[in-house]
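# Sharing a sequence plus its predicted fold:
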Protein chains: 6
Amino acid sequence: MSLADTAGKIAGMEIRGAGRIARAAAEALADHARTVTAPGRDAFVAEMQRAGSVLCATRPTAVSLPNAVHFVLHGCEAAASAAEARESVLSRAARFIADSEAAIARIAEYGARHIPDTATLMTHCNSEAALACILEARRLGKDITVYATEVRPRNQGLLTIRTLNDANIPTRYIVDSAARSYMNEIDLVIVGADAITVNGAVVNKIGTAQVALAAHEARTNLMVAAETYKFAPRTLLGELIPIEERAGAEVLDPAVAASLPFVTIRNPAFDVTPARYVDLIVTEKGAIPPNLAYIVIREYLGWSIDEFQKTFVIHHQDQD
Amino acid sequence: MSLADTAGKIAGMEIRGAGRIARAAAEALADHARTVTAPGRDAFVAEMQRAGSVLCATRPTAVSLPNAVHFVLHGCEAAASAAEARESVLSRAARFIADSEAAIARIAEYGARHIPDTATLMTHCNSEAALACILEARRLGKDITVYATEVRPRNQGLLTIRTLNDANIPTRYIVDSAARSYMNEIDLVIVGADAITVNGAVVNKIGTAQVALAAHEARTNLMVAAETYKFAPRTLLGELIPIEERAGAEVLDPAVAASLPFVTIRNPAFDVTPARYVDLIVTEKGAIPPNLAYIVIREYLGWSIDEFQKTFVIHHQDQD
Amino acid sequence: MSLADTAGKIAGMEIRGAGRIARAAAEALADHARTVTAPGRDAFVAEMQRAGSVLCATRPTAVSLPNAVHFVLHGCEAAASAAEARESVLSRAARFIADSEAAIARIAEYGARHIPDTATLMTHCNSEAALACILEARRLGKDITVYATEVRPRNQGLLTIRTLNDANIPTRYIVDSAARSYMNEIDLVIVGADAITVNGAVVNKIGTAQVALAAHEARTNLMVAAETYKFAPRTLLGELIPIEERAGAEVLDPAVAASLPFVTIRNPAFDVTPARYVDLIVTEKGAIPPNLAYIVIREYLGWSIDEFQKTFVIHHQDQD
Amino acid sequence: MSLADTAGKIAGMEIRGAGRIARAAAEALADHARTVTAPGRDAFVAEMQRAGSVLCATRPTAVSLPNAVHFVLHGCEAAASAAEARESVLSRAARFIADSEAAIARIAEYGARHIPDTATLMTHCNSEAALACILEARRLGKDITVYATEVRPRNQGLLTIRTLNDANIPTRYIVDSAARSYMNEIDLVIVGADAITVNGAVVNKIGTAQVALAAHEARTNLMVAAETYKFAPRTLLGELIPIEERAGAEVLDPAVAASLPFVTIRNPAFDVTPARYVDLIVTEKGAIPPNLAYIVIREYLGWSIDEFQKTFVIHHQDQD
Amino acid sequence: MSLADTAGKIAGMEIRGAGRIARAAAEALADHARTVTAPGRDAFVAEMQRAGSVLCATRPTAVSLPNAVHFVLHGCEAAASAAEARESVLSRAARFIADSEAAIARIAEYGARHIPDTATLMTHCNSEAALACILEARRLGKDITVYATEVRPRNQGLLTIRTLNDANIPTRYIVDSAARSYMNEIDLVIVGADAITVNGAVVNKIGTAQVALAAHEARTNLMVAAETYKFAPRTLLGELIPIEERAGAEVLDPAVAASLPFVTIRNPAFDVTPARYVDLIVTEKGAIPPNLAYIVIREYLGWSIDEFQKTFVIHHQDQD
Amino acid sequence: MSLADTAGKIAGMEIRGAGRIARAAAEALADHARTVTAPGRDAFVAEMQRAGSVLCATRPTAVSLPNAVHFVLHGCEAAASAAEARESVLSRAARFIADSEAAIARIAEYGARHIPDTATLMTHCNSEAALACILEARRLGKDITVYATEVRPRNQGLLTIRTLNDANIPTRYIVDSAARSYMNEIDLVIVGADAITVNGAVVNKIGTAQVALAAHEARTNLMVAAETYKFAPRTLLGELIPIEERAGAEVLDPAVAASLPFVTIRNPAFDVTPARYVDLIVTEKGAIPPNLAYIVIREYLGWSIDEFQKTFVIHHQDQD
């Protein structure tokens, strides 16, 4: 698949979910590295960095994108030749994809342990990592019921209930507005993340923060399942996570919208759940409280301040 | 319109909104009184009570229904003849409808005063009384912007934004899940009510409680606009408001649902906002804090304990 | 039973529970009225007032005592003769006792309605009114499980679990400290009251406030079952409810205590649950939110400001 | 003192404190009635209403002003002649002043009962009613220490500490910002009120809400001492209490301010403490929870809906 | 003492308190190593691991047990001979015991600094580390009063008040239910811990969470005193701390229980205090906020992911 | 400037602000090193340590003082001669000052990123680091309005509004008590810090905690801007930050105070904002949540436990 194809599918949400996006980006970089015919090392590296920028620009909130691009292109600049740089990109892309898949399995193992033997769960949206925990718990024989929300405006809840149904897990399907009505019956809320900031705020599908608030109100714990590449290094430097706003047509038929001149549609794709509403984040490196996001950024992602300075220049342009 | 027609339209939500439902019920009782040919006073009264029960059964949560029926049929039993009883029903039905319309105007007047001269408001669902406050504020020249939610699964938000658009009020249309994302910009949340309990809990369209919780979290006040016949007398006797659960087909295409045997759809039409998240209830008798619902029930609705005992028997059967 | 006997049994907690105490006091006053041989109306009235004071002094926190004494002696002063005053005392005592018993039945009826059809309840201490609600719900066929606490230092929980056991209600017996551990499983907490202040604070058995706080933290509602004579009129005049402190020997073997000179035992019999942790108070006059205690004091108990002034003199001496 | 003099002194805060303002207004109306030489009843009444409006306009937040004016002028319109109307004004003004002074004594009596025998109190600003409670408690021999704030920008705290000093009450004087630092040592916060709304919000000297919030955070109760004429009838009709903003010169030397073109001084004289931070309001009619403000407005102040409509016209003009 | 004896005394709570249990386990392993006559290195190591499992199974919640066993047996497997392995066990057991005792002294030093010069403290249960802080503060001349709870059902409070009495510290002994009643007088709550999870939740004697909640409500800080071996490494892998449930006979006389067929006794020995109610954890490595438990687990306990995988197999069997 | 001069100016608040104080102390130590004529290495080192103690004693709360002194004198003891020790002091003092200035620039860069493009901010007191963030945001073209408080009793707000005015930033000047009144309009509160404890509590100018509490109540984030040398290493050892209490004459004219024998002035210069009210701390090493203060202390300040023991002796004397 060409770089432009992948970028288009990510932007159009054919490729969806922070993990799947990140792996698609890694694959697209590898494909691009194979086909690029830049004359010499410098041109190759510049072209790859341009490619990375194109991918990062598709979904500004999904930090897995720059983290994946950063991982894949890392060290490429230090290569002696274009060939060596290409080799580096290919091997690191393969490693990123393998690690990402292994991460889900590890998160499922840790997260499933955290689910009681008999439990009523709630999830919002369609997180690969969150569902993996639930499926693993089921596989271990735990007696589980799940409340799943519809997730307007793109109705990702439909994907979620299909997956749960296929695993024979009793599931209750509700509109997003009904989360609080059932919260007193819920033992644990499990969601994924699109980005996690240095102070443990969780950026995830719009509506997550309301579910988290309702969980907090009812003394119900909320667990986030997230690979370490969901943590946002640049928030360490004060950067705010930009919240992507998608087309109004996702919410309202454009013909109707056109007939209502005083009405504007606001369609933020994500919201921000503060750390105080999150009990635990399960990563492939272990479970941590949200406040320890800093440790993940520094130790597992390994972004040094120096790298920041450099990387920043590139990304900053993407986001404006 | 026949009694059965009205009952059907209320159940099918063609007639919607607690005030409109109550007035339709009053009108249906009047129409029914005109056409009933029961032999003698006793039979007439019994038939009217049966008619009242039919109407009350259509939407179990909407307390405006039994309040309207109670008002219209009140005193009918004391009539000397069927003719006198019919007269009583007709005149009380007319008075209920007139009072209900006057109540909206009065609520609009009081509620509009409570809106600051420049204000960003939020509303959820399509409450006649809440919108009347907003329109009146606009008419007074206040500078108002409104965030209106979509209101899944029946999308009553569409009706709301049309009304606001036609009043030239700048409006932002958002999915229900996005309410918390904009709450810090909101000066006042205004919603209606389907029922208000003796301890000030507000039963309203599903999602209201989540909006109220998010408002409370952000120190944003929430005002409820509600005619006094929304207050639920029987809660004084410990009765819980039954929360109507509507057909799953409102949420998910039945064909899809049928393909998912482990999935059940839960579709509660209302939720309960506790009094502590409500700043003020504006009624046609003045603005009160939610805890004073008892005063409204006793003084304005005038339900005595004795009347309760009698009315209870009838309704209790309806609801089981 | 002599006045002294009744006073002794109330003080020694052989007669226990605010309702039983109040009825015992009414009976003691009636018995006393029968046997008193005071010469003339004035002496009789003075003697009866002294008797009332003696009874009120036994348990300073239990407002049902002065309310009962006030009710029984009310009007006695206006009698033309000792005989007439005696008659008044006897008939009012009988009426108080009958009303008190009827009140429990009415509270049971209202409170049982407020219990969901399937419910896990928690109760603390051994309230006649609270248990009546639970037993009535059971009688109505509701599917109920109850968590009951031990209630140190007098272990009234033992009485509670016996009553529940005899009604075939599945019961879990826990130490007082374990209430929060099970709170997420509880649908409704039901307790009684020894006194309710004008601002809705509930004075009840020590430990109630901790249970209420844990319920509030978990969004679990707390219902108080209390006859209207538990409401404390003098709090309307700013009076604080005195919290009875009982003998340390209830908590620790005096021999052990004597060996620990630096240790003092503090044994308050009651604590104060603020109104914001109470969802509803069910009285025989209907269910009300705690903030409406004022209405009960004024309308149902009927203590006017003038009566206050007079009654105050008497009681104030008792309590110092 | 002429009407203009009184109005000037109220506006200039020479006459200060809601109670003193109200009594000064009553006196000014009486003086004015004595000197007015309007030809005939109609002219006299119109002149008195104009005088009332002048007084009401001096401090828009102080609801004691319109309440006093309303009380004094009440019935004046129904007089048969100017002489009779004058008589009515004079006798009602005298009665208002006497009642107001008696109210303080009664509040002191009730409020002092609510202060524990040994207590560390905090007060903010210089409320006559709040201080009366403290002085009465001291007179009763209670062992009291008071933290008093400075109260910028007018430093009314200086008046407070003088009063407390003269009563030999150990007093700690602190800047407004230090209230939270000492809150854990405080047993009870006592403040006055300039206005109380129908839903129990307390409008009082700027800073009160911060003290109340800090008290709530530390589980310290806050008691408001307020005569019933501090309750704001028009809030029953949705009206918001206007918050007076005073001259910037009270905060910053105008010469300095003039040198800072980008700086604007904001000087609101009052803020709004929500009912949930207020434990009790002590009035001369007894202690009530804040949510019962409605009862005070309706029963003690006796403003009917009809009177509202009339009075409204007058005042509304004053405030714009 | 034989291994079986020690295991029996730990299970029977003759040996009590997480620190004492851990040291007893280390000593038991040393004694066992001395007497075991397994033929060869492999048999010796297997026998020691079996012994460790026996000890770990006695109290499933006390994480100090597996931490102590892990420390003592660490490296034993790498020994070349049974003799060398025995030597390793003996020396590491001695070091564990010495370190544990030194840890208490260091915690006392740090914790005492955190106690104000004049302070009213509260403690729950009988924690060696918590008491050490209090005794050290007393030794430094601080003016201290302590509220100590009874701690049902095993009344460990009796041991606590004896220790405090013997140190001449004024002590107030209260039932567990009375903690909230005195909380406004408390400057600092100090408790120990049986286990601390990776997200800072503190598992401690049943009732601790209620005390912590009441402290939080009153803005009273809570300090936990805990050696680093109380931190639970496996929670990093999502593991939940199992809450030991002890025999019902500790709560209710079995003869009485037998007479109540509908009554079940629930007797959890511990509860879980969430990190948000804990201000500070004082360890021998310094004071940290609860969220930094992860750092302790990784850096001070030094459990690597690899060790986890191995150790897990062993313990997992113990707990099922 | 002589050591005594610098110490005097710091104590008298001519030199103000934790950063400026720290740099002045470093400079004073350098100057002192240049002029000291101690005979031999040991005498020189002892004299420098004495000088450090003198400086540390001037403002007990400002942890930047001991951190600066510790940094400058570090290694001095290991010098072979007085000359070498002097050289060490001079070069480290220069480095401290340069680092401190660079830190402000870096904090400004990071903090400005965290300010939205259009924002209403609030600040309290006159923090160099907090203002640097605001000025940098302005320089980047962000559209900013700032509410600045007066900051009694020393009115540092005047300095703040001058700085903001000179940067052409629209500014609103309010009394400290008015912070809550405007909080719903504020997007971000930015303050500095005088000391930050190991559990993330922020010690800053009196009043900060009230602003933070009001921000938390309104879901408004609070950001702290602070150089790493504001973090207090000794809190890791349980040490409490002493809160400096300054002369009463700052609050009240001593002549007036003398006339009020029952009045004591309490003038704490700082208060403590708990970590739960702080969203983010921006340091020159990156933005972190308050709970990670431990990481800053250990990794950036590099105070080992051993150094603590030594340094402690010195400072402990200073503070008593």
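Looks like it arrived, so ask away.
# ranges for the helices of the stretch 101-250 of chain A?
With DSSP state H, counting those that start in this stretch, the ranges of helices along the stretch 101-250 of chain A come out as A:128-139, A:157-166, A:179-182, A:208-217.
# Enumerate every residue touching the one residue in the stretch 201-320 of chain A that gets nearest to chain F.
Here the stretch 201-320 of chain A gets closest to chain F at one residue, A:Gly238, 3.5 Å apart by C-beta to the nearest C-beta. For glycine as for every other residue, the C-beta is placed from the backbone atoms N, C-alpha and C. With contact taken as C-beta atoms under 8 Å, 6 or more residues apart in numbering or on different chains, A:Gly238 is in contact with F:Glu109, F:Tyr110, F:Gly111, F:Ala112, F:Arg113, F:His114, F:Val282, F:Ala287.
# Among the residues you listed, name the ones in strands.
Members of those lying in strands (criterion: DSSP state E): F:Val282, F:Ala287.
# Return the member of the contacts of A:Gly238 nearest to chain D.
Taking the contacts of A:Gly238 together and measuring to chain D by C-beta to the nearest C-beta, the closest member is F:Ala112, at 18.8 Å.
# Enumerate every residue touching the closest one.
Contacts of F:Ala112 (C-beta under 8 Å, 6+ apart): A:Gly238, F:Cys133, F:Ile134, F:Glu136, F:Ala137, F:Arg139, F:Leu140, F:Lys142.
# can you do 10 Å?
Neighbouring residues of F:Ala112 by C-beta atoms under 10 Å, 6 or more residues apart in numbering or on different chains: A:238, F:132-140, F:142, F:144, F:282.
# now A:Arg23
A:Ile15, A:Gly17, A:Ser64, A:Ala68, A:Ala93, A:Phe96, A:Ile97, A:Ala98, A:Asp99, A:Ser100, A:Glu101.
# And for A:Ser64, the neighbour number?
A:Ser64: 29 surrounding residues under other C-beta atoms under 10 Å in any protein chain shown.
# meant to ask about A:Ser100, not that
22.
# So it sits against A:Gly17, correct?
No - in this structure, A:Ser100 is not within contact of A:Gly17 by C-beta atoms under 10 Å, at 11.2 Å.
# Tell me the pLDDT of the residue lying closest to A:Asp143 once chain neighbours are set aside.
Counting by C-beta to C-beta, 6 or more residues apart in numbering or on different chains, A:Thr118 is the residue found nearest to A:Asp143 once chain neighbours are left out, at 4.5 Å. Looking at A:Thr118, its pLDDT stands at 98.
# could you measure A:Thr118 against chain F, distance?
33 Å (C-beta to the nearest C-beta, to the nearest Å).
# Could you do A:Asp42 as well?
Taken as C-beta to the nearest C-beta, the span from A:Asp42 to chain F is 30 Å.
# Which SSE is immediately downstream of the helix or strand containing that residue?
Using DSSP states H and E, A:Asp42 sits in helix A:41-56. Sequence-wise, the next helix or strand downstream of helix A:41-56 (DSSP H and E) is helix A:64-73.
# could you check the angle helix A:41-56 makes with that following helix?
Between helix A:64-73 and helix A:41-56, the angle comes out at 160 degrees (axes from the mean of the first three to the mean of the last three C-alpha atoms, to 10 degrees).
# for helix A:64-73, packing partners?
With contacts defined as 3 or more C-beta pairs under 10 Å, 6 or more residues apart in numbering or on different chains; DSSP states H and E, the packing partners of helix A:64-73 are helix A:18-35, helix A:41-56, helix A:82-113, strand A:195-196, helix A:305-319.
# close to chain F, is the shortest one?
No - contact between strand A:195-196 and chain F, assessed by C-beta under 10 Å from any C-beta of the partner chain, is absent, since the two come no nearer than 11.8 Å.
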